[in-house]
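>>> After the sequence you'll find the predicted model.
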Amino acid sequence: MLRTLYLSIENIANVGLLIMLVLFTFTIAGMDLFGSIDLEDSDLTQLDHNANFSTFYLSMMVLIRCSTGESWNGIMHDCLIKVGFISEIFWFGFIFISFFIFLNVFIAVIYEEFETVKQNENRNDVLSLKKKDIKQFVNTWAKFNPHGNVYMKATRLRAFLMELPSPLGFKGMKIS
């Protein structure tokens, strides 16, 4: 799993930059639409001196907070009271794009890389040794060294490899 995340860092960074571009665009639009809301009004429940659209920084922080799902509907209702119907279009568009689309794109990027890593591991698995390959090696070695010697004469190596099945040997292959 960590390998998948490591290999998908570049794609995750691209999605992150795209999210930042969307946040920047909605921050500017939010400052234009909601920047003049009077925060001293008693009708407001969510907008206050720490969460408002009066500056770029505060606007960005409010949108990051809302993109996680944290009381975005309360802020939308405060904006609806002061600005009108356009605030619903702004908030539904923002939540739809930032929360639903980007969350799924982020997951899709990681999933795609996971599938790629899994396919590569399956291809590499074909080249790896199996228990049967080790057993065939031991049986062939026993034929050439019946007394259990650790070493074999170099002159017998060719015959040994020709008797040993693949992937370790050349049995059944025509080699001149």
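Yep, that arrived. Residues are numbered from 1 along each chain as shown.

>>> only C-alpha atoms for contact and neighbour calcs from this point on.
Noted.

>>> pLDDT score for the residue most central in space within the chain?
For the chain, the residue nearest the mean C-alpha position is residue 110 (2.2 Å; C-alpha atoms, centre = their mean). Listed pLDDT for residue 110 reads 82.

>>> got a list of what the residue of the chain most remote from its centre touches?
Using C-alpha atoms, centre = their mean, the residue of the chain lying farthest from its centre is residue 147. It sits 55.4 Å away. The contact partners of residue 147, taken as C-alpha atoms under 8 Å, 6 or more residues apart in numbering, number zero.

>>> quick revisit: now the residue nearest to the centre of the chain: how far from residue 70?
Plainly put, residue 110 is 24 Å away from residue 70 if you go by C-alpha to C-alpha, to the nearest Å.

>>> circling back: for the residue farthest from the centre of the chain, what is the enclosing helix or strand?
Of the helices and strands defined by DSSP states H and E, none includes residue 147.

>>> Tell me the secondary structure at the residue nearest to the centre of the chain.
At residue 110 the chain is in helix, as set by DSSP: H, G, I helix; E, B strand; the rest coil.

>>> wait, it sits on residue 7?
No. The criterion here is C-alpha atoms under 8 Å, and residue 110 misses it with residue 7 at 9.0 Å.
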